[in-house]
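Q: A structural model of the following input is requested.
(one chain, ligands or ions: 1)
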Amino acid sequence: MGVNTFYYGEGMNEADFIATTEDERAAASTATASDDNSHRGGFRPIDPAVGDRGGPRYGEFIEQVRLFMDNVRLACPTPEMGDDLIDTLKDLNAKLASVQIDEWHTPAGTRIDLPARGNITLPPFTVDNVDKDAGAVDMTVTFTNYHLGGNNAAHGGQVAVAFDDIGGYASAVATNGICRTGYLKVDYRSVTPLNTPLKVRAWADRVDGRKAFIKGTMHDGDRLCAELDGLFIRLNPGQP
Ligand SMILES: CCCCCCCC/C=C\CCCCCCCC(=O)SCCNC(=O)CCNC(=O)[C@H](O)C(C)(C)COP(=O)(O)OP(=O)(O)OC[C@H]1O[C@@H](n2cnc3c(N)ncnc32)[C@H](O)[C@@H]1OP(=O)(O)O
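A: Okay, here's the model as predicted:
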């Protein structure tokens, strides 16, 4: 099973997500941050060559950034260390500012081989299974210190972020197209722990035309932490 099949599910129409023709690949790889069309309607297919972007150690880079965010969350630097950190961060920001590109080409969010597609704004999750027939996905998500709400528990908003993306993934599987969230309801059933691999399942309870009614659960072992009830609407061609 290839990586794309693994992520998009057996029998899914990958053409909806992955550039499969030379024209699509060219369109997916030519736009730049200064491209006037970079905000044109519709989601662009991902250039399959995207796996090379950011270099062979890009995943390691993202892991270090995540660790940095965790360390910042609970750090109390001395004034001297604060001076040093600010100088170091200025250097790092200058480096990163020199390699800014548009959202369609940045590896963050398009590296489907990395946890949460390499997107640091999402809690890291990995895909365990995609069931095209059931319109269902199984994921493992781990909230870390960066996602702290209080008293060693994940922030409720971070739980919703995870459900939004994983529910969006399930709706993409169920409708065979990219969807946007219409509504997202989260029931917080018990405390969601940090630094613990949690099992998330999201599935299409019902599909009605463009509307996918997605249910979901998040478990710590046998304990139910949270439930999702969401409506995701498949975008029409060219719809932003
Ligand atoms: C490039 C990388 C790609 C990677 C791909 C990897 C593959 C994996 C695939 C994927 C994983 C990624 C997953 C990401 C997931 C993230 C999702 C988000 O966070 S999206 C941001 C938050 N949401 C918004 O910003 C929406 C803002 N709202 C809108 O844009 C529109 O309102 C929209 C699109 C939701 C609907 O607008 P309309 O014009 O298209 O359609 P209308 O006619 O209004 O609604 C359609 C039907 O839905 C009902 N509806 C709409 N909203 C409703 C609501 N809130 N409650 C109840 N019904 C609602 C309507 O009543 C209508 O129903 P009737 O057809 O008449 O039966």
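
Q: got the domain ranges for this protein?
A: Each domain of the chain is listed here as a residue range: 1-119, 122-234, per automatic domain parsing.

Q: so can I have CSV of the ones you listed showing mean pLDDT?
A: Putting the domains of the chain into CSV (pLDDT from 0 to 100) gives the following:
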stretch, mean pLDDT
domain 1-119, 75
domain 122-234, 97
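
Q: so which of the ones you listed is the most surrounded?
A: A comparison of the domains of the chain by mean neighbour count, using mean count of other C-beta atoms under 10 Å, puts domain 122-234 on top with a mean of 19. All C-beta atoms are positioned from the backbone trio N, CA, C, and that covers glycine.

Q: give me the distance between the two termini of it.
A: Separation of the first and last residues of domain 122-234 by C-alpha to C-alpha, to the nearest Å is 21 Å.

Q: quick one on the thing from earlier: quick one: closest of the domains of the chain to the ligand.
A: domain 122-234 (2.3 Å; C-beta to the nearest ligand atom).

Q: near the ligand, which residues of the protein show up?
A: For the chain, the residues in contact with the ligand (C-beta under 6 Å from any ligand atom) are 17, 43, 109-110, 164-165, 168-169, 172, 180-183, 210-211, 231, 233, 239.

Q: got phi/psi on the residue nearest the centre of the chain?
A: When the chain is reduced to its mean C-alpha position, the closest residue under C-alpha atoms, centre = their mean turns out to be residue 116, at 4.0 Å. In this entry, residue 116 is assigned phi and psi values of phi 50, psi 30 (degrees, to the nearest 10).

Q: show me what contacts the spatially closest residue to it that is not a sequence neighbour?
A: Of all residues not flanking residue 116 in the chain, residue 122 sits nearest, at 4.0 Å (C-beta to C-beta, 6 or more residues apart in numbering). Residue 122 is in contact with 116, 161, 162, 165, counting by C-beta atoms under 8 Å, 6 or more residues apart in numbering.

Q: what about the second one, helix or strand, and which?
A: In other words, residue 161. When secondary structure is defined using DSSP states H and E, the element that contains residue 161 is helix 156-175.

Q: how far off centre is the helix or strand following that helix?
A: Under the assignment DSSP H and E, the closest C-terminal helix or strand after helix 156-175 is strand 179-188. For strand 179-188, the distance from its own C-alpha centre to the chain's C-alpha centre is 15 Å (C-alpha atoms, centre = their mean, to the nearest Å).
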